[in-house]
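J.: Show me the folded form of this:
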Amino acid sequence: MRTQTSQFLAALILASGLATGVAACGDAGGDPRDAREPDAVGTVVSVETLGDAITVVFAPDPGYEYFEGTTFAFAEGGALERPDGEPAAASDVAVGERLEVWVDACAESFPVQCADPYGRLLP
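T.: The predicted structure follows:
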């Protein structure tokens, strides 16, 4: 009986962990901007175009310090949008502008490195 109880508890813990993990990854691969709150909010420190990406160096607001100094590379064609929801070009972004950012995963380094971010310029 003790072994069955232990096995049941282990299975319950595993199932709970898997359910939590799946819920946290619910937007993987899709555009999360209208599905959940942003992962970071802050200010544009610098902006330039590199290849097919708009790169933005980011200064986070208080509470988002995890993203201190992060450079986000937004794919052209919609990964970064203007406040009206239209795709942003590098010329739409200025130092000092406010920005929301969504990410799926980041490499643990300093600063963190986040692949395939989505962003929205704030009015």
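J.: OK, contacts around the most centrally placed residue in the chain?
T.: In the chain, the residue lying closest to the centroid (C-alpha atoms, centre = their mean) is V103, at 1.7 Å. Counting by C-beta atoms under 8 Å, 6 or more residues apart in numbering, V103 makes contact with D39, A40, C114, A115, D116, P117, Y118. Any C-beta I mention is one placed from the backbone N, CA and C, and that applies to glycine too.
J.: To what extent is the first one buried, counted in neighbours?
T.: Meaning D39. Burial of D39 is recorded as 18 neighbouring residues (other C-beta atoms under 10 Å).
J.: same question, the last one
T.: Look at Y118: counted by other C-beta under 10 Å, it has 23 neighbours.
J.: Help me confirm that it comes into contact with W102.
T.: Yes: counting by C-beta atoms under 8 Å, Y118 does reach W102; the two are 4.4 Å apart.
J.: Between those two, which contacts overlap?
T.: Common neighbours of Y118 and W102 (criterion: C-beta under 8 Å, 6+ apart): P32, R33.
J.: re earlier: how close does the residue nearest to the centre of the chain sit to S91?
T.: For V103, the distance to S91 (C-beta to C-beta, to the nearest Å) stands at 24 Å.
J.: ok, residues contacting the lengthiest strand in the chain?
T.: As assigned by DSSP state E, the longest strand anywhere in the chain is strand 40-50. Strand 40-50 has contacts (C-beta under 8 Å, 6+ apart) with 54-61, 64, 66-67, 70, 73, 76, 90, 93-101, 103, 122.
J.: Can you tell me which helices and strands the following helix or strand past that strand packs against?
T.: Remark: after strand 40-50, the chain's next helix or strand is strand 53-60, criterion DSSP states H and E. For strand 53-60, the elements it packs on are strand 40-50, strand 71-75, strand 98-102, judged by 3 or more C-beta pairs under 8 Å, 6 or more residues apart in numbering; DSSP states H and E.
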